[in-house]
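Q: What shape does this take:
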Amino acid sequence: VSSPEFYSQGVEYLARQAGVSLGPRLPEGVEYAVRENAGNRILFLLNYTEKPQSVALDRAYRNALTGQTEPLEVQVPPLEVKVLAAR
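A: Reported below is the predicted structural model:
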């Protein structure tokens, strides 16, 4: 029986070989989804846990609801969602 880290590294290796982006590493209980249309990219980070979670992103985004620029390490409050637009 192998560890979860073994499988995670295997998936990352295979994705790199296939040229597939896996997105950011996510803490347990956080979901990541992307929607794109006509050059617009919206990213959704959903925190299903009862504690704040941090997600490190590859570039700057702005909060699509407030217009504020988000840091590269986004904080998602407990049981909430961040809706981010590519800058």
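
Q: Relative to Arg62, how far out is the residue nearest to Ser54 when sequence neighbours are not counted?
A: Spatial nearest neighbour of Ser54, chain neighbours left out: Glu73 (5.4 Å); criterion: CB to CB, 6 or more residues apart in numbering. Every residue, glycine included, has its C-beta placed from N, CA and C. For Glu73, the distance to Arg62 equals 15 Å [CB to CB, to the nearest Å].

Q: Of the two, give the one with the bigger neighbour count.
A: The neighbour comparison of Glu73 against Arg62 (other CB atoms under 10 Å) goes to Arg62, with 14 against 10.

Q: that older thread, does the residue nearest to Ser54 touch Pro52 like I think?
A: No - when contacts are counted by CB atoms under 8 Å, Glu73 is not listed as touching Pro52 (11.7 Å).

Q: Name the residues contacting each of the two.
A: Counting by CB atoms under 8 Å, 6 or more residues apart in numbering, no residue touches both Glu73 and Pro52.

Q: just so I have it, where are all the helices in this structure?
A: Applying DSSP state H to the chain gives helices spanning 4-18.

Q: Run through the strands of it in chain order.
A: Shown for the chain, the strands assigned by DSSP state E span residues 30-37, 40-47, 53-56, 61-63, 69-70, 73-76, 81-86.
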